[in-house]
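S.K.: Build me a model:
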Amino acid sequence: MTTVVAPLADLRKDYMLAALGKRDLAADPFTQFNQWMADAIKAELPEPTAMNLATVGENARPSARIVLLKGVDERGFVFYSNYDSRKGRELAESQWAALTFHWVELERQVRIEGHIEKVDAATSDAYYQSRPLKSRIGAHASPQSEKIESREALEARFAAAEKQFGDNPPRPANWGGYVVVPEMVEFWQGRRSRLHDRLAFQRQFGGWHIERLAP
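M.R.: Numbering: from 1, shown residues only. Got it, this is the predicted structure:
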């Protein structure tokens, strides 16, 4: 049996769940983001904290991948990674990053652009200790982004780390948290006829200025 797939150009959906105006926004982007995150969690979306992290390397070529948000406060948006990974090296080089959340079921996106800082060691330690044991061991076993010989070689590294550290592995020195300190946070609500609502918080003079952007 032949499966007939519609041409990609013919796949489309009109958005009509909600609208977004300036009067709907909180006074700062962190409060607004937390409201939308709460909506995503309440809606039981499969991975509400999943976000696209975009970085730029020394060759000026962008790269992107999905990571998980692990905290939000008045400073910024926190995630954790191997500092020696490709994204870690690129963040060290450029010190800028962009994040995108896409909650498709709610017809919403959030875009964040800002500079990157490492969180303090105590915060990284506390989060590392909160992770499942095998995830903590995995942080030792994986030379993230490096070429490896095989899956079997990776599992052998894991077994060796498990034997070495037992039930109390320390946080690797090259593993910890980052915070994206935003300069811009855009809230996007899908609307009919592609006339989407886009409202952006821009950091200015120590405060936030709200602008409406054309879709």
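S.K.: how distant is stretch 171-179 from the center of its chain?
M.R.: Relative to its chain's centre, stretch 171-179 lies at 16 Å (C-alpha atoms, centre = their mean, to the nearest Å).
S.K.: before we move on, what about stretch 12-23?
M.R.: Using C-alpha atoms, centre = their mean, the offset of stretch 12-23 from its chain centre is 23 Å.
S.K.: In this protein, where is pLDDT below threshold?
M.R.: By pLDDT under 70, the low-scoring segments of the chain are 1-2, 4.
S.K.: the helices in the protein, which residues?
M.R.: Using DSSP state H, the helices of the chain run over residues 29-42, 86-94, 121-130, 133-141, 151-165.
S.K.: what's across from Ile112 in the sheet?
M.R.: With DSSP bridges as the criterion, Ile112 is bridged to Leu99, Val185.
S.K.: do you know how far it is from Phe187?
M.R.: 10 Å (C-beta to C-beta, to the nearest Å). Where C-beta positions appear, they are placed from N, C-alpha and C, glycine not excepted.
S.K.: okay, the helices of the chain in TSV with distance to His209 and mean neighbour count next?
M.R.: Conversion of the helices of the chain to TSV gives the following (distance: least, C-beta to C-beta, whole Å; neighbours: other C-beta atoms under 10 Å):
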stretch	distance to His209	mean neighbour count
helix 29-42	11	16
helix 86-94	25	18
helix 121-130	30	14
helix 133-141	40	17
helix 151-165	48	13
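S.K.: for these, which one sits closest to Pro172?
M.R.: helix 133-141 (5.5 Å; C-beta to C-beta).
S.K.: and the direction of that closest one versus that of helix 151-165, what angle?
M.R.: Angle of helix 133-141 versus helix 151-165, following axes from the mean of the first three to the mean of the last three C-alpha atoms, to 10 degrees, is 110 degrees.
S.K.: how far is helix 133-141 from where the chain is centred?
M.R.: 21 Å.
S.K.: quick check: angle from that helix to helix 121-130?
M.R.: Using the same axes, to 10 degrees: helix 133-141 against helix 121-130 is 120 degrees.
S.K.: What distance do you get for the spatially most central residue of the chain to Arg23?
M.R.: In the chain, the centroid-proximal residue (C-alpha atoms, centre = their mean) is Met51; its distance is 3.3 Å. According to C-beta to C-beta, Met51 and Arg23 sit 27 Å apart.
S.K.: what residues are up against Tyr127?
M.R.: For Tyr127, the contacting residues are Lys70, Tyr80, Gly177, by C-beta atoms under 8 Å, 6 or more residues apart in numbering.
S.K.: nearest spatial neighbour of the second one, skipping sequence neighbours?
M.R.: Right, Tyr80. Gly177 (4.8 Å; C-beta to C-beta, 6 or more residues apart in numbering).
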